[in-house]
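Visitor: Sequence first, predicted model second:
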Amino acid sequence: MENVRYFSTLFLLCFWVFWSLHCKVDATTSVSYDGRALLINGQRRVLISGSIHYPRSTPEMWPALIAKSKDGGIDVIETYVFWNGHEPEKRQFNFGGRFDLVRFLKTVQEAGLYVHLRIGPYACAEWNYGGLPVWLHAIPGIAVRTDNEPFKYEMQTFTTKIVDMMKEAKLFAWQGGPIILTQIENEYQQVEQYYGEKGISYVNWAVHLALSLNTYTPWVMCKQTDAPGPIINTCNDFYCDYFQPNSPGKPKMWTENWAGWFQTFGGRTPHRPAEDVAFAVARFFQRGGTFQNYYMYHGGTNFGRTSGGPFITTSYDYDAPIDEYGNIRQPKWGHLKELHKAIKLCEAALLYGDVNTISLGHGLEATVYSTKNSGVCAAFLSNAHSKQDATVQFNGASYNLPAWSVSVLPDCKNVVYNTAKVSIQTSLMGMEQVNMESLHPVATSSGDTGKVSVYWSWHKEDVGIWGQDKFSARGLLEQLSTVLDKSDYLWYTISANIPEDEPFLKSGSQPILHVDSRGHTLHVFVNGNFAGTQSGDYSKWGFTFEKPITLQAGENQIALLSMTVGLQNIGPFFDTWTTGIGGPVKLLGLRDGPLDLSFWTWYYQIGLKGEYLQLYSDTGANQVKWISGINPPKQAALMWYKTEFNAPEGTNSVALDLSTMNKGQAWVNGNHIGRYFVSLKAPTDGCSDVCDYRGTYYSSKCATNCGQPTQKWYHVPRSWLQPTKNVLVLLEEVGGDPTGISFRTRNVDTVCAHVSQAHPTFNSLTLPELRLQCSSGQRISSISFASFGNPSGSCGNFIKGSCHAVNSTSIVEKACLGKETCSISVTEDSFGSACADNLKSLAVGAVCKY
């Protein structure tokens, strides 16, 4: 094993010398690195990056998302490359629509930003099968992400294709393009030990592959402390101030700062406070970091069947600075924008200054970056206590440091930013119901405001075997290997004969069907009738279905519909993890004891007939007979629903409210919105009305939405809508009420801010201001709260304190009513000198209306 490491390292060092020399030849933009930072055209750079995954939004959304990122202080857009999206079938490629990678990167380039292209091609990313195409699973002898020839051949083929495409489009930096960084593999070290020597040799092989592709950009491997040779190992975590690269010649880089967390069906909604994200970022730069990426900066949507997990929600909002719909999330976006500005003011000192760290007490420190010749100096003062505020002495001056905060002093004197002091407004987003009359061509004023339609068509899906391509096998087949992800669905069907003298037929009792499933969800039908359902969840896929069923004398058809809810995307040997009905399958309560059906001959059908016919498309819908009317069946299992609607007026983001449905999939104009699973609700405990940003963050801290459906609103991109005659199609698996479905538009509902007289400003001659801004086209219609003095509380729950200027409301109303934006100086000149000698603050809440 040591010999493997030695010769691999020797080869890589030789290759690195060649690469370093060659990468400078005929380069429009050269990219390299030293132990301090990335170098662009020979100049060290502090770079702020943000992740946007191109398939999780639409091409029409990309320009605005990238522009908002740039406006937020982002220099680099980071994205994975999604192999299974680009090669869904072997050698059948898809680079159109949401998967138009070249178009996305050129859009980034047009905005003047750089790109970090994480080719992988394993992504994880809570994406189906980790981004690997499931057809790999059918290749004989394959084992993914290890030293396995069939896998390495396919990985090399795809990775080479991507690099060649980038070169052909002139997208690498040396060609004048935006790509300055590339990544091979992804977080491999956390599974490497399970593969033994083959894991080690795979890492070295992957590095050889990367360097042989001649991208002339630095390559990174994240969370890979043994990244060999010139490959930069980077950090992925909630906090990375502790991280050090594995060589003094490599820069300290943070490729995934988890700005929030993902959701799972049946889970709570995670939130990470802006103050904590800012604290983590500031600490990283304080301790020598020079490249930091937010994962995610815009999370987006897992359209279609792209979510992994299993049980990852269709929403991939991630509590990111730009929300799922493309709206700026305040205060996170704005608070981080101000931090980026403060960091950039320190750039010269961070990149070229000598570093000196000074202890100011337990958990308190100052880090000074200064140069002797130029006189450049920048300092970071930090308080790592989770409860105690502190006052510290630094350079002969006194500074207040709130608990769990960092102050930035670009000149080593004046504080321009503190991570715990948020002056940016909080924007509370509303989901406003759309008036029904504007949605539906034949709507009446029936009082059903917001419902998507009064007129529906419906079609019953066939239960059990429906096609010529059915097949049989003795025993229960594993679902992943059988279906290869061509569908979520696999029918297991069998016929059981019940003798006429079976006692339960006369006693009125019912036999019990016992089914052990490896996941993820099961619907049971007996003689064509729905008999029950059961599901696993993110923490435990497998389950046992055991319920009474109704059988008759003679032949009985038992049809078990097994479903996946996204495939596993992480873990050692995740490609071997099984799904479907593992058995046993038994009938209990019979005269002769349990009847084990597990090893009988079963008949199988992959997918649903409606899927095969593509009932969600215009041509597919015409292949079956639909029943139409104003009273569609409710709580009916395996039912297709269809209706027409007009697009909601305006330009605000659109969502489908499916809170009256259960589990299924939805399409608009043939575009696959994704899976819905409204019946899976978050636990009733584990949420808090108050979120304390102080102290180490973890994914279940500051959670909300307890006891509610994890996701009931589903994003419908505006670009998928036409002015009239849009078609909504749903496949409801268990039973819901389509007449309760509504459309909603997302907009700012309430804005609030709380700013102190002592709030840092970027100009020492400028006084603090409170600023409010509604969405474009909105106006501030009313002031719900205003107090200059010592108010407390949070947005929506402000409380007047013992000190309060009685003219607060009238002054704020004069400055803000009827305006889209307004600003007010937080000074006694504006409000008077009530409560003399006390430090005061201004808290305001306002309502935005169109």
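Guide: Looks like it arrived, so ask away. Values in this document were obtained by computation on a predicted structure and should not be read as measured data.
Visitor: give me the low-pLDDT residue ranges for this structure?
Guide: Where the chain drops to pLDDT under 70, the residues are 1-27, 436, 438, 440-450, 837.
Visitor: List the residues that contact residue 126.
Guide: Applying CB atoms under 8 Å, 6 or more residues apart in numbering to residue 126 gives the contacts 262, 302, 307-309, 312, 316, 569. (Each C-beta comes from the backbone N, C-alpha and C, glycine too.)
Visitor: With just CA atoms, put the helix or strand residue 167 falls within into PDB.
Guide: Residue 167 belongs to helix 149-168 when assigned by DSSP states H and E. Extracted in PDB, the C-alpha atoms of helix 149-168 (Å, rounded to 0.1, in the frame of the first residue of the first chain):
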ATOM      1  CA  GLU A 149     -12.500  -1.300 -14.800                       C
ATOM      2  CA  PRO A 150     -16.100  -1.100 -16.100                       C
ATOM      3  CA  PHE A 151     -16.800   1.900 -13.900                       C
ATOM      4  CA  LYS A 152     -13.500   3.600 -14.600                       C
ATOM      5  CA  TYR A 153     -14.100   3.200 -18.400                       C
ATOM      6  CA  GLU A 154     -17.600   4.800 -18.100                       C
ATOM      7  CA  MET A 155     -16.400   7.600 -15.800                       C
ATOM      8  CA  GLN A 156     -13.400   8.400 -18.000                       C
ATOM      9  CA  THR A 157     -15.700   8.400 -21.100                       C
ATOM     10  CA  PHE A 158     -18.200  10.900 -19.600                       C
ATOM     11  CA  THR A 159     -15.600  13.100 -17.900                       C
ATOM     12  CA  THR A 160     -13.600  13.400 -21.100                       C
ATOM     13  CA  LYS A 161     -16.800  14.200 -23.100                       C
ATOM     14  CA  ILE A 162     -17.600  17.100 -20.700                       C
ATOM     15  CA  VAL A 163     -14.000  18.500 -20.800                       C
ATOM     16  CA  ASP A 164     -14.000  18.300 -24.600                       C
ATOM     17  CA  MET A 165     -17.400  20.100 -24.700                       C
ATOM     18  CA  MET A 166     -16.000  22.900 -22.500                       C
ATOM     19  CA  LYS A 167     -13.000  23.200 -24.800                       C
ATOM     20  CA  GLU A 168     -15.100  23.200 -27.900                       C
END
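Visitor: which residues in the stretch 701-850 of the chain form helices?
Guide: 808-816, 828-831 (DSSP state H, counting those that start in this stretch).
Visitor: buried set for the last one?
Guide: For helix 828-831, the neighbour count (16 or more other CB atoms under 10 Å) marks 830-831 as buried.
Visitor: any idea how far it is from the chain center?
Guide: With CA atoms, centre = their mean, to the nearest Å as the basis, helix 828-831 stands 44 Å off its chain's centre.
Visitor: Equivalent analysis for the longest one, please.
Guide: In terms of CA atoms, centre = their mean, the centre of helix 808-816 is set 39 Å apart from its chain centre.
Visitor: in it, what counts as buried?
Guide: 808-809, 811-812, 815-816.
Visitor: Tell me the one among those nearest to residue 766.
Guide: Nearest to residue 766 among the buried residues of helix 808-816: residue 815, at 17.6 Å, using CB to CB.
Visitor: Would you mind naming the helix or strand containing residue 628?
Guide: Since the elements are taken from DSSP H and E, residue 628 ends up inside strand 627-629.
Visitor: What is that strand packed up against?
Guide: Here strand 627-629 touches strand 456-460, going by 3 or more CB pairs under 8 Å, 6 or more residues apart in numbering; DSSP states H and E.
Visitor: Mind listing the strands the strand it packs on pairs with, and their directions?
Guide: In its sheet, strand 456-460 lies beside strand 627-629 (antiparallel), strand 639-645 (antiparallel), with partners assigned from DSSP bridges.
Visitor: Could I get the buried residue list for it?
Guide: 456-459.
Visitor: And for stretch 358-370?
Guide: 360, 363-370.
Visitor: Quick check: the farthest pair among those?
Guide: Taking CB to CB as the measure, the buried residues of stretch 358-370 span a maximum distance of 23.6 Å, between 363 and 370.
Visitor: Among the buried residues of stretch 358-370, which ones are in strands?
Guide: Cross-referencing the buried residues of stretch 358-370 against strands under DSSP state E gives 360, 364-370.
Visitor: Relative to residue 705, which of the residues you listed is nearest.
Guide: residue 364 (36.8 Å).
Visitor: In contact with the closest one, which residues?
Guide: For residue 364, the contacting residues are 381-385, 390, 392, 401, by CB under 8 Å, 6+ apart.
Visitor: Between the strands paired with strand 456-460, which one is closest to residue 508.
Guide: Closest to residue 508 of these is strand 639-645 (CB to CB; 30.5 Å).
Visitor: can you give me the offset of the closest one from its chain's centre?
Guide: With CA atoms, centre = their mean as the basis, strand 639-645 stands 29 Å off its chain's centre.
Visitor: which residues are contacting that strand?
Guide: With CB under 8 Å, 6+ apart, strand 639-645 has contacts from 439-441, 452-453, 455-461, 610, 615, 621, 626, 632-633, 725-732, 735, 738, 743.
Visitor: Quick one, which of these are buried?
Guide: Using 16+ other CB under 10 Å, the buried ones in these are 439-440, 452-453, 456-459, 461, 610, 615, 621, 632-633, 726-732, 735, 738, 743.
Visitor: What is the neighbour count of residue 721?
Guide: For residue 721, the count of nearby residues is 18 (other CB atoms under 10 Å).
Visitor: swap that for residue 139, please
Guide: Neighbours around residue 139, by other CB under 10 Å: 15.
Visitor: who touches the nearest residue to it once chain neighbours are set aside in this structure?
Guide: Nearest non-adjacent residue to residue 139, counting by CB to CB, 6 or more residues apart in numbering: residue 150, 5.0 Å away. Residue 150 is in contact with 139-142, counting by CB under 8 Å, 6+ apart.
Visitor: Also residue 185?
Guide: 120, 122, 145, 203, 206, 221, 224.
Visitor: Can you tell me which of these end up in strands?
Guide: 120, 221.
Visitor: Now neighbour count too, for the contacts of residue 185, in a markdown table please.
Guide: Compiled in a markdown table, the contacts of residue 185 are given as follows (neighbours: other CB atoms under 10 Å):
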| residue | neighbour count |
| --- | --- |
| 120 | 24 |
| 122 | 26 |
| 145 | 25 |
| 203 | 26 |
| 206 | 27 |
| 221 | 25 |
| 224 | 24 |
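Visitor: which two in the contacts of residue 185 are spaced the farthest apart?
Guide: Greatest spatial distance among the contacts of residue 185 (CB to CB): 120 and 203, at 13.7 Å.
Visitor: where exactly do the strands run in the stretch 651-800 of the chain?
Guide: Along the stretch 651-800 of the chain, counting by DSSP state E, counting those that start in this stretch, strands occupy 653-657, 663-668, 671-677, 713-716, 726-732, 742-756, 769-773, 779-789.
Visitor: scratch that, the stretch 501-650 of the chain
Guide: Along the stretch 501-650 of the chain, the segments classed as strands by DSSP E, counting those that start in this stretch run 512-517, 521-526, 529-535, 543-548, 554-563, 581-588, 595-596, 601-606, 627-629, 639-645.
Visitor: packing partners for the fourth one?
Guide: Using 3+ CB pairs under 8 Å, 6+ apart as the contact criterion, the neighbours of strand 543-548 among helices and strands are strand 512-517, strand 521-526, strand 529-535.
Visitor: swap in the first one?
Guide: Contact analysis of strand 512-517 by 3+ CB pairs under 8 Å, 6+ apart lists strand 521-526, strand 543-548, strand 554-563, strand 581-588 as its packing neighbours.
Visitor: Equivalent analysis for the second one, please.
Guide: Strand 521-526 sits against strand 512-517, strand 529-535, strand 543-548, strand 554-563, with contacts defined as 3+ CB pairs under 8 Å, 6+ apart.
Visitor: do you know which of the ones you listed lies nearest residue 496?
Guide: Residue 496 lies closest to strand 554-563 among the helices and strands packed on strand 521-526, at 5.0 Å (CB to CB).
Visitor: Does that closest one pack against any helices or strands, and if so which?
Guide: Under the contact criterion of 3+ CB pairs under 8 Å, 6+ apart, strand 554-563 touches strand 489-498, strand 512-517, strand 521-526, strand 581-588.
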